[in-house]
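>>> Sequence and predicted structure, then a few things I'm wondering about:
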Amino acid sequence: MVKVFAFLTKKQGLETQAFIDYYEKNHVPLVCGLAPPPIVYKRNFLVRGDALNMEDSSIDFDVITELVFPDREAFHAWGALLFAPSNGDAIAKDEENFLERSRTRAYVVDERVTTSG
């Protein structure tokens, strides 16, 4: 399994709810229309001002997007579809509507899970 976390920042001046609405109602359908969705495609939106978010002012992203693929081959196949020339241009143009693209960071992670019981 391959898991990727992307840390994304909303476009300056865009209200949080407008950012969430655009991502969910425009960008997600675009991505899913250009390539079959991964096993998991989650968006985890930061809750600003929550007392549990220590050092809230130093958090420099607005959403953590989680993508899970069965293996590296599936990840690369998905990326090849999504970022083929015409598709990649559509994704980039759409991202300019709601993201600070220069601040996007993405990382492959190695998940370890501890559960109760």
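Sure thing, it's come through. Numbers count the residues shown, from 1 in each chain.
>>> Quick one: low-confidence residue ranges for this protein.
50-57 (pLDDT under 70).
>>> All the strands of it, residue numbers only.
Ranges of strands in the chain, per DSSP state E, are 2-8, 40-45, 63-69, 105-109.
>>> what's Ala6 in contact with, if anything?
64-67, 104-107 (Cβ atoms under 8 Å, 6 or more residues apart in numbering). (Each C-beta comes from the backbone N, C-alpha and C, glycine too.)
>>> How about Asp110?
Lys3.
>>> quick revisit: out of the contacts of Ala6, flag the one nearest to Leu82.
Top of the list for closeness to Leu82, among the contacts of Ala6 and by Cβ to Cβ, is Leu67 at 10.5 Å.
>>> that older thread, from the contacts of Ala6, keep the buried residues only.
Burial by neighbour count, 16 or more other Cβ atoms under 10 Å: within these this picks out 65-67.
>>> For Asn97, give me phi and psi.
Here is the backbone geometry of Asn97 (degrees, to the nearest 10): phi -70, psi -20.
>>> I figured Thr16 hits Val47, correct?
No - in this structure Thr16 lies outside contact range of Val47 using Cβ atoms under 8 Å: 9.3 Å.
>>> So these two - more neighbours on which side?
Thr16 (14 against 10; other Cβ atoms under 10 Å).
>>> For Ile91, see how far away the more buried one is.
22 Å (Cβ to Cβ, to the nearest Å).
>>> which other residues reach stretch 10-30?
Residues contacting stretch 10-30 (Cβ under 8 Å, 6+ apart): 41, 43, 45, 48, 62-63, 90-91, 94-100.
>>> can you put the buried ones among the contacts of Ala6 in a markdown table and add distance to Phe83?
Below are the buried ones among the contacts of Ala6 laid out as a markdown table (distance: Cβ to Cβ, whole Å):
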| residue | distance to Phe83 |
| --- | --- |
| Thr65 | 15 |
| Glu66 | 19 |
| Leu67 | 13 |
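>>> Between those residues, which sits nearest Phe75?
Nearest to Phe75, judged by Cβ to Cβ, of these is Leu67 at 7.9 Å.
>>> For the protein, just list every one of the helices.
16-22, 28-34, 72-82, 85-95 (DSSP state H).
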